[in-house]
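Novice: kindly generate the corresponding structure for this input.
(one chain, ligands or ions: 1)
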Amino acid sequence: MIKTDVIIIGAGPVGLFAVHQLGIKGLKAVVIDNLDKAGGQCIELYPDKPIYDIPAVPECTGEELTKNLLEQIKPFKTDFFFNERVDEVKQNNNNWEVKTNNNNEFTAPNIIIAGGVGSFEPRKLSVKESEKFEGKSIFYAVKNKETFKNKKISIFGGGDSALDWALELSKFSKITLIHRRNEFRGAPHTLSEIKKLEKKGKISIKTPCQLESIEGDEDIKSITIKFEDGKNEKIITDRILSFFGLIMKLGPISEWGLNMNKKTIEVNSENFQTNKKGIFAVGDICNYPGKLKLILSGFHEVALASVECFKRARPNEKYRFEFTTSSKNIQSILGKK
Ligand SMILES: Cc1cc2nc3c(=O)[nH]c(=O)nc-3n(C[C@H](O)[C@H](O)[C@H](O)COP(=O)(O)OP(=O)(O)OC[C@H]3O[C@@H](n4cnc5c(N)ncnc54)[C@H](O)[C@@H]3O)c2cc1C
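Specialist: Prediction:
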C-alpha cells in the first residue's frame, strides 16, 4: 500500500497542475493515469494544435503545454503510475484507499479526481471471439516488443500507430497490415518504407477489408478478412495488434457514490470537494454553476482544492497563504534558495 498526501486520478493538464499547487504547500502526490503518458486530451486529441487561451502564453500546442507543465512540476519528483485505471475507491476512517486494475493500492487523506471525460481506452475489435484472446494474442498496444518476436502478426488500422508498429515489428516478424480503406492516414514517409518492404515480400498489405472472424481454441491459428467486393481471405496469424484509436469512457468513476450530473461530478465551488469529504473533482469532470470546460478554469480549481487538501493532510498545522515571489518556504521547496 503506497501512502501519500493526495492521490491524483488523471494526468491531464489539470492533474499535472494539481501536483504543483499541492507541492508548493509541501504536500506529496502520486498521479495515476490509464494512458501511457501525461497530457490527457491535449496529448491524445490535439498534440499539434495551437492553444491561444492559456494566460501569459500567447500560443502553444497541446504537446508544448504538457511539456511545460511537466517541467514546472519537476522539483516535486512525483511518482506517476501510467497504464493503470483506478477501479476502486473506499474509505478507511479518515483516509481513502484506491485500487487500480494492476492491483496497485494507495492510501491518502485526499483524492483529487482530474479525470476529464473519463479514461481513454482502446476501441476494440468488434468480432465476438476477440474477447477470449485479449491480452494473450490480441493486443491494443505494444508494451513489450520482445513478446512480438518471430510471430505472424496481423496489424489492423490506418494511422501512425499501425504503420509505425508494422515497420518496427517487421524487423523480426512476419507482418500483414490490414486497413478498411485503400488510403492510410499515417505519415507518408512511413508508408513509403512499408511499400518498399511489401515489394521485398517482408510486409503484406491488405485493403480495403475488415476482420470477419478469428479461428483458434486456446491460441489464434488464423483470421479471415472480408474485402469490399465480398471476397474472403484466410491469413495464418498468431498475434493481432489493433489500432482503431481511443474512446473516452467515464468508467468506474460513476460507481464511487459521488453525486453525479450526467457524466460530471457535482462539487462545491469553494474548495471543489464532492459530497464525500476528502474527495475533490477538478477540470472537465467537475460541475458547478457557471463551470467552463477550459484548462484555465481547471488551474483555478486545483489552487482552491489544494488548500482544503492541506487542511486534511496536516490537521495540526495552520495553512498560510503565501506568494511564490516572496515566500522563502516555497522557494526552498522549488530548490531556488
Ligand atoms: C480538440 C480540442 C481542442 C481544445 N482546445 C482547447 C483550448 O484551446 N483551450 C482550452 O482551455 N481547452 C481546450 N480544450 C479542452 C481541454 O483540452 C480540456 O479542458 C482539458 O484537457 C481538461 O483537462 P483535465 O485534466 O480535466 O482532463 P483530461 O485532459 O481529459 O485528462 C483526464 C485524464 O484522466 C485519465 N483518467 C480518467 N479516468 C481515469 C481512471 N479511472 N483511472 C486512471 N486515469 C483516468 C484519462 O486517461 C485522462 O488522461 C480542447 C479540447 C479538445 C478536444
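Novice: contacts only, for the residue of the stretch 151-300 of the chain found nearest the ligand.
Specialist: Proximity to the ligand, evaluated over the stretch 151-300 of the chain using Cβ to the nearest ligand atom, is greatest for Gly283 at 2.1 Å. (Each C-beta comes from the backbone N, C-alpha and C, glycine too.) Gly283 makes contacts with 10, 12-15, 114-116, 297-298, 301-302, as judged by Cβ atoms under 8 Å, 6 or more residues apart in numbering.
Novice: repeat that for 10 Å
Specialist: 10, 12-15, 17-18, 40-41, 112-117, 272, 293-295, 297-299, 301-302 (Cβ atoms under 10 Å, 6 or more residues apart in numbering).
Novice: what's the PyMOL line that selects buried ones from the residues you listed?
Specialist: Per 16 or more other Cβ atoms under 10 Å, the buried members of these correspond to this PyMOL selection:
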select buried, resi 10+12+13+14+15+17+18+40+41+112+113+114+115+116+117+272+295+297+298+299+301+302
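Novice: which ones among the contacts of Gly283 come in contact with the ligand?
Specialist: 10, 12-15, 40-41, 114-117, 293-295, 298 (Cβ under 6 Å from any ligand atom).
Novice: what residues does the stretch 151-300 of the chain have near the ligand?
Specialist: So the stretch 151-300 of the chain meets the ligand at 251-253, 283-284, 293-296, 298 (Cβ under 6 Å from any ligand atom).
Novice: take those and keep only those in helices.
Specialist: 295-296, 298 (DSSP state H).
Novice: average pLDDT across the helix or strand hosting Ser154?
Specialist: Element membership of Ser154 [criterion: DSSP states H and E] is strand 152-156. For strand 152-156, mean pLDDT is 97.
Novice: direction included, what does it pair against?
Specialist: Strand pairing for strand 152-156, using DSSP bridges, gives strand 174-178 (parallel), strand 239-242 (parallel).
Novice: separation between the single nearest residue of the stretch 51-200 of the chain relative to the ligand and Ala187?
Specialist: Closest residue of the stretch 51-200 of the chain to the ligand, Cβ to the nearest ligand atom: Gly116 (1.8 Å). For Gly116, the distance to Ala187 (Cβ to Cβ, to the nearest Å) stands at 27 Å.
Novice: ok, Gly62 next?
Specialist: Using Cβ to Cβ, Gly62 is found at 18 Å from Ala187.
Novice: also Thr107?
Specialist: Taken as Cβ to Cβ, the span from Thr107 to Ala187 is 44 Å.
Novice: and for Glu84?
Specialist: For Glu84 relative to Ala187 (Cβ to Cβ), the value is 30 Å.
Novice: comparing these two, which residue is more hemmed in?
Specialist: More crowded of Glu84 and Ala187, by other Cβ atoms under 10 Å: Glu84, with 19 against 13.
Novice: quick one: contacts for the closest residue to that one other than its chain neighbours?
Specialist: Spatial nearest neighbour of Glu84, excluding adjacent residues (Cβ to Cβ, 6 or more residues apart in numbering): Thr100 at 4.1 Å. Going by Cβ under 10 Å, 6+ apart, Thr100 touches 9, 32, 34, 81, 83-88, 106.
Novice: in ChimeraX, select just the buried ones from the residues you listed.
Specialist: If you want just the buried ones from the contacts of Thr100 in ChimeraX, going by 16+ other Cβ under 10 Å, the selection is:
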select :9,32,34,81,84,85,86,87,106
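Novice: show me which pair in the contacts of Thr100 is furthest apart.
Specialist: Greatest spacing in the contacts of Thr100, by Cβ to Cβ: Asn83 and Glu88 (17.2 Å).
Novice: got the strands paired with strand 152-156 as a markdown table, with distance to Thr324 and mean pLDDT columns?
Specialist: Putting the strands paired with strand 152-156 into a markdown table (distance: least, Cβ to Cβ, whole Å; pLDDT from 0 to 100) gives the following:
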| stretch | distance to Thr324 | mean pLDDT |
| --- | --- | --- |
| strand 174-178 | 51 | 97 |
| strand 239-242 | 46 | 96 |
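Novice: dump these to a markdown table, plus mean neighbour count.
Specialist: Output for those, formatted as a markdown table (neighbours: other Cβ atoms under 10 Å):
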| stretch | mean neighbour count |
| --- | --- |
| strand 174-178 | 24 |
| strand 239-242 | 22 |
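Novice: that older thread, among the contacts of Gly283, which ones are in strands?
Specialist: With strands taken from DSSP state E, the overlap with those comprises 112-113.
Novice: what does the stretch 1-150 of the chain put close to the ligand?
Specialist: Near the ligand, when you scan the stretch 1-150 of the chain using Cβ under 6 Å from any ligand atom, you find 9-15, 32-35, 40-42, 45-46, 51, 53, 85-86, 114-120.
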